[in-house]
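>>> Sequence first, predicted model second:
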Amino acid sequence: MRNRHSKPISKAKQVGIRASNLRKQNEETDKIKRNIRRLRDHMNTIAYSYPDFKGAYDYVDNLFPESNVKDVVVYKAPSTLMYKYGFGHAGGFYNKTYKVIIFSGKRKQQKKTFADRYSVSAKLEPDEVIAHELLHYCYFEEGKNSNSVGLNEEFAYGWSSGYLRKKGYTDDQIIRDNFMPFLYGNVQNGVMITVLGNNGISPQEYNDFHENKKMRIMKKLRKEIYERCIKEATEIGHALIDMYSKKIEEGAISNSVKNQVSKGFTFLDLDD
């Protein structure tokens with residue numbers, strides 16, 4: 001409700017605010033596009049195409065034969081460049097504007113310190129990243145129009161489970177070493193609210209606390225939050241693999257039925 005003493009925003013000002021926001025969004029989009037071109041075209045970036053990483057390409061092509069994944073070129077950029085151009089958090093990514101996949105080399109796993117012992121990370125081989133990103137490519141080629149991060153990632157993680165199983169990983173290994181960052185991020189907010197509530201703190205109260213008090217509370221509760229998140233994420237991961245294993249057993253996905261909407265894991269949709 002608007003304060004009765006405040007002045008309403010004029011239509012002209014509202015238009016100006018929308019125009020300013022749109023301009024900022026366009027500027028950010030243009031920046032991302034420039035950085036992708038710089039990564040792709042850098043002298044130290046290596047281009048790969050089929051039959052390089054043949055196993056990953058063949059697996060995705062067998063599922064989505066009409067998406068022409070074997071025509072997709074993938075680029076390996078040095079991790080230093082990935083950081084320089086703002087993609088350091090990702091082992092790889094797919095950009096639908098350029099239909100380009102860029103990944104970095106396998107990063108050395110650092111031993112966890114006391115400060116980050118309650119964090120999660122993935123342990124990915126390059127071919128696993130490529131299979132995952134090729135599935136992102138298929139997400140749009142198969143007529144999926146949703147920009148939902150949750151649904152897009154569910155699609156890629158779910159279909160990739162068959163590839164990871166073929167490599168000999170157990171389902172627990174797949175969830176722990178590959179899926180966990182995605183799953184953990186999806187359950188974290190809900191778990192935090194539950195744990196705070198169990199300690200007599202509402203979300204509104206927590207948000208109103210000073211930053212130092214928030215840090216003290218999180219220090220006290222982070223072990224419980226971490227363990228609950230791992231437990232819930234693992235349960236969801238097994239359900240995700242079970243659901244997609246049935247889809248994978250059905251064989252190749254035809255574009256003639258690509259417009260059929262999968263029920264999917266809508267509860268993983270971050271945009272709800």
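Good, I have the coordinates. Residues are numbered from 1 along each chain as shown.
>>> Can you give me the buried ones in the top helix by length along the chain?
The longest helix of the chain (DSSP state H) is helix 211-249. By 16 or more other CB atoms under 10 Å, the buried positions in helix 211-249 come out as 217, 221, 225-226, 228-230, 232-234, 236-237, 240-241, 243-244, 248. Bear in mind the C-beta positions are built from the backbone N, C-alpha and C, glycine included.
>>> likewise stretch 65-77?
Buried, per 16+ other CB under 10 Å, within stretch 65-77: 67, 69, 72, 74, 75, 76, 77.
>>> pLDDT score for the fourth one?
At residue 74 the predicted local confidence, pLDDT, stands at 94.
>>> My guess is it contacts residue 95. True?
No. Using CB atoms under 8 Å, residue 74 is not in contact with residue 95, being 11.9 Å away.
>>> which residues are common contacts for the two?
Residues touching both residue 74 and residue 95 (CB atoms under 8 Å, 6 or more residues apart in numbering) are residue 102.
>>> did I read that right, residue 75 in a strand?
Yes. Counting by DSSP: H, G, I helix; E, B strand; the rest coil, residue 75 is located in a strand.
>>> partners of it in the sheet?
Assessed by DSSP bridges, residue 75 has beta-bridge partners residue 47, residue 102.
>>> Around residue 85, count how many other residues there are.
Burial of residue 85 is recorded as 19 neighbouring residues (other CB atoms under 10 Å).
>>> those helices in this structure, which residues are they?
Under DSSP H, the chain gives helices at 11-41, 54-63, 79-84, 126-141, 149-166, 171-174, 180-198, 203-208, 211-249.
>>> and the first one, how far from the chain's centre?
Chain-centre distance of helix 11-41: 22 Å, with CA atoms, centre = their mean, to the nearest Å.
>>> can you check the fourth one too?
In terms of CA atoms, centre = their mean, the centre of helix 126-141 is set 12 Å apart from its chain centre.
>>> From the contact counts, what lies against it?
For helix 126-141, the packing partners by 3 or more CB pairs under 8 Å, 6 or more residues apart in numbering; DSSP states H and E come out as helix 54-63, strand 74-77, strand 92-95, strand 100-104, helix 149-166.
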